[in-house]
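Visitor: Sequence first, then the predicted structure:
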Amino acid sequence: MRSSVKVVLVALTAGLLGLFASLALNGPGPLLRSELGQRALQGVLASTAPDLADNTRVARRGEPVEVLSLIDLEGKRVALPTAFAGRPLLINVWASWCGPCIQEMPELDRYSIQQADNGTQVVGIALDDEAAVRTFLKRVPIGYPVLLDTPGPADAGVRLGNPKGVLPYSVLISADGRLLKQRIGPFATGEIESWVGKQPGT
């Protein structure tokens, strides 16, 4: 019995050392890009998040997303995710001052164009000042819709499952409005396809 416990402890120690060595050599990127790493990170962030107001509902994986009423750049009110029902929806929460957000935007735009009228839809939510967003989009134009929200303790990012407000933050919502996946951090080139995978309705 003792020898089997020793073997398990040695294997566990070796695995942890390998993980730490990988993080030291490659940084946390590969781990955070994995689904396991994302779930672990989100668990840590959720456990250290401040208490939210009683009426603030935070989306949970596998459950329907509560409707968010936001304004687009033309001043029209848009209900998320219902306005985009019928096809999967990738929502990306960003801000014009967020370097990693800006870095991934061309990749999100490329993916949106590739998906065209039949694939996964892409929508951005800018937690930012409208004037700053307009100025930014003149420099870095994108083809997918952008909605606006005011950053705060109950903003769209928080309600979509990101209570610490780390940016960029993306979620994948099913064609029938359920939260399928969450991601903290930017997408690397060519990574969105594998993250989204094949969804019903595409």
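Guide: Thanks, I have the structure now.
Visitor: Pretty sure E193 sits against L108.
Guide: No. Using Cβ atoms under 8 Å as the test, E193 is too far from L108 to be in contact (12.0 Å). Using the backbone N, CA and C atoms, a C-beta is placed for each residue, glycine as well.
Visitor: Counting neighbours, go ahead and name the busier of the two.
Guide: Between E193 and L108, counted using other Cβ atoms under 10 Å, L108 has the larger neighbour count: 24 against 13.
Visitor: I'd like the distance from the helix or strand harbouring that one to the chain centre, please.
Guide: Taking DSSP states H and E as the definition, L108 sits inside helix 99-115. Taking the mean of its C-alpha atoms, helix 99-115 sits 13 Å from the chain's own mean (Cα atoms, centre = their mean, to the nearest Å).
Visitor: elements contacting it?
Guide: For helix 99-115, the helices and strands in contact under the criterion 3 or more Cβ pairs under 8 Å, 6 or more residues apart in numbering; DSSP states H and E are strand 89-94, strand 121-127, helix 192-196.
Visitor: Now do it: everything it contacts.
Guide: The list of residues contacting helix 99-115 from outside it, by Cβ atoms under 8 Å, 6 or more residues apart in numbering, reads 90, 92, 94-96, 120-122, 124, 136, 140, 142-144, 167-168, 185-193, 202.
Visitor: Give me the nearest residue to T120, chain neighbours excluded.
Guide: Leaving aside its sequence neighbours, T120 sits nearest to P88 (Cβ to Cβ, 6 or more residues apart in numbering; 4.4 Å).
Visitor: Neighbours of the one you found, how many?
Guide: Neighbours around P88, by other Cβ under 10 Å: 24.
Visitor: likewise the one 3 residues further on?
Guide: Here the neighbour count serves as a burial measure; for I91 (other Cβ under 10 Å) it reads 24.
Visitor: Does it touch G161 like I think?
Guide: No. The criterion here is Cβ under 8 Å, and I91 misses it with G161 at 10.5 Å.
Visitor: Show me what L80 bridges to in the sheet.
Guide: Assessed by DSSP bridges, L80 has beta-bridge partners L68.
Visitor: tell me the contacts of it?
Guide: With Cβ under 8 Å, 6+ apart, L80 has these contacts: V65, V67, L68, S69, L70, L89, I91, V123, I125, L147, A156.
Visitor: Might you report the residue contacts of the spatially most central residue of the chain?
Guide: Centroid check for the chain by Cα atoms, centre = their mean gives S170 as the closest residue, at 1.6 Å. By Cβ under 8 Å, 6+ apart, the residues touching S170 are L90, I91, N92, V93, Q182, R183, F187.
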